[in-house]
Every structure is written in structure tokens, then in C-alpha cells.
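Show me how the following folds:
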Amino acid sequence: MSFDARHISQTIHTDPSDIAVFAGNPANLPQWAAGLSEGIRNEAGRWITDSPMGEVEVSFRPGIEFGILDHDVIFPDGTTVHNPLRVLHNDDVSEVVFTVYRLPNVSDEEFARDIEAVRKDLERLRDVLEG
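Got it, this is the predicted structure:
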């Protein structure tokens with residue numbers, strides 16, 4: 001079985017490596033990822049955030065230096081959601097692409113809200129980095 005997926009893309013007029021370094025640092029999440037992070041703290045090497053979904057752990061996977069910003073969000077019940085995020089070189093700009101998966105039991109309305117939240121987060125990332 002596979003999940004329905006939407007790829008949300010945002011052009012950013014910044015070098016891909018600068019985007020990856022900034023966006024791949026969990027300490028910077030509150031500046032751009034409002035859908036995930038209203039505040040984040042490092043507790044014994046684990047990044048814990050107070051999100052609209054409650055207290056969760058955010059864990060970036062290896063590859064940030066290559067523009068791979070995949071990260072897992074681990075909920076208090078142990079459920080883990082994988083979030084693919086890529087920074088791509090596009091001539092003299094960058095494309096940031098986030099894949100939103102529609103998880104089981106997610107309604108059309110919830111899926112649309114998730115997509116819109118990611119779109120707004122990527123716009124905030126653009127604004128922070130271009131500002």
C-alpha cells in the first residue's frame with residue numbers, strides 16, 4: 001500500500017547549501033515551521049518541540065549537507081511520521097520541495113489543511129532567508 005502524496009515546492013533566491021544549513025538545524029524550526037514548532041529545546045541530544053499536536057520529538061536524518069532534510073516527527077504514543085524535504089539547485093535559485101503524505105484515516109479537509117500548512121511554512125522559510 002502507498003500513501004497519496006503531494007509535493008509542495010517553493011522557489012528561494014538563496015544558495016542551496018545555505019538553505020540546507022539553516023533549515024536542517026532544528027534550533028531554527030521556530031523561525032519558519034510554525035506548523036511543527038512553537039518552541040524547541042535540546043534534551044540530552046533529542047530535539048523536543050511543543051507543537052499544535054502536543055509535545056513531539058523531531059529527528060533529522062543524515063544528508064543535510066546534500067540538501068536532504070528528511071525528518072521524522074515522533075509523537076508521544078510512539079507514532080512516527082516521516083517527512084521528505086529536499087533542497088534542489090535550480091539554475092541561479094533553489095527549489096525546496098516537501099512531500100506531504102496522506103496518512104490513513106485523514107479526511108480530505110485534514111489533508112488540504114496539512115498541505116496549506118506546509119505551503120505557508122515554506123513561504124516563511126523563503127521570507128526568512130531572502131529577507
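
doesn't E65 fall inside a helix?
Yes - E65 forms part of a helix when assessed by DSSP: H, G, I helix; E, B strand; the rest coil.

quick one: it and V21, what's the gap?
Distance, E65 to V21, by CB to CB, to the nearest Å: 8 Å. No exception for glycine: its C-beta is placed from N, CA and C like everyone else's.

repeat for N105
36 Å.

rewinding a little: counting neighbours, go ahead and name the busier of E65 and V21.
Using other CB atoms under 10 Å as the criterion, E65 and V21 rank with V21 on top: 14 against 10.

what's around the nearest residue to that one once chain neighbours are set aside, how many residues?
Residue nearest to V21 in three dimensions, not counting chain neighbours: I64, with 7.4 Å by CB to CB, 6 or more residues apart in numbering. As a burial measure, I64 scores 18 neighbours (other CB under 10 Å).

Likewise for A33?
Using other CB under 10 Å, A33 has 25 other residues around it.

circling back: residue contacts, the residue nearest to V21?
20-21, 24 (CB atoms under 8 Å, 6 or more residues apart in numbering).

quick revisit: what residues do E65 and V21 have in common as contacts?
Contacts common to E65 and V21, judged by CB under 8 Å, 6+ apart, are absent.
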